[in-house]
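Peer 1: Structure for the following, please:
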Amino acid sequence: MVEYTYPLDSVFNSLADPIRRDIIARVARREYSVGELVAHHNVSFAAISKHLKVLEEAYLIRKRKEGRKQMVSLAPETLKSADEYLGQYRSMWQSRYNKLEAVLKEEV
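Peer 2: The predicted structure is shown next:
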């Protein structure tokens, strides 16, 4: 049985939005200011702030102040827990693909 955990729900809910996935992809490479993130999307500052709040509540990003700027960086440990959860399914599907590959090779 799959273990139900609220934090994973929050992570996957956060990643369901394309703008939030893009923000995660950007801050995975380097730290961005909120203003820089706004410049990459065709939405308002308020909309980006709401997206950042969702990501922060899911512990996917960290924000810190640098002077007047809010800097955003990735919190990779949360993604690691999501990857571990998905790993269960990854190994199951890999096993099934391997069996399918063996059957197909027998057919040829």
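
Peer 1: so where's this structure shaky on pLDDT?
Peer 2: 1-6 (pLDDT under 70).

Peer 1: so where do the strands sit in it?
Peer 2: 32-33, 61-66, 69-74 (DSSP state E).

Peer 1: Number of residues surrounding the closest residue to residue 32 other than its chain neighbours?
Peer 2: Of all residues not flanking residue 32 in the chain, residue 72 sits nearest, at 5.3 Å (CB to CB, 6 or more residues apart in numbering). In short, each C-beta sits where N, CA and C put it, glycine included. Neighbour count of residue 72, defined by other CB atoms under 10 Å: 22.

Peer 1: Now do residue 72 against residue 95, distance only.
Peer 2: To residue 95, residue 72 is 39 Å away according to CB to CB, to the nearest Å.

Peer 1: show me the contacts for residue 22.
Peer 2: Contacts for residue 22 were tallied using CB atoms under 8 Å, 6 or more residues apart in numbering; they are 40, 41.

Peer 1: and the gap between the residue lying closest to residue 76 once chain neighbours are set aside and residue 74?
Peer 2: Excluding the flanking residues, the one nearest residue 76 by CB to CB, 6+ apart is residue 28, at 7.8 Å. Using CB to CB, residue 28 is found at 5 Å from residue 74.

Peer 1: out of the two, which sits in the busier spot?
Peer 2: Comparing residue 28 with residue 74 by other CB under 10 Å, the one with more neighbours is residue 74, at 20 against 12.
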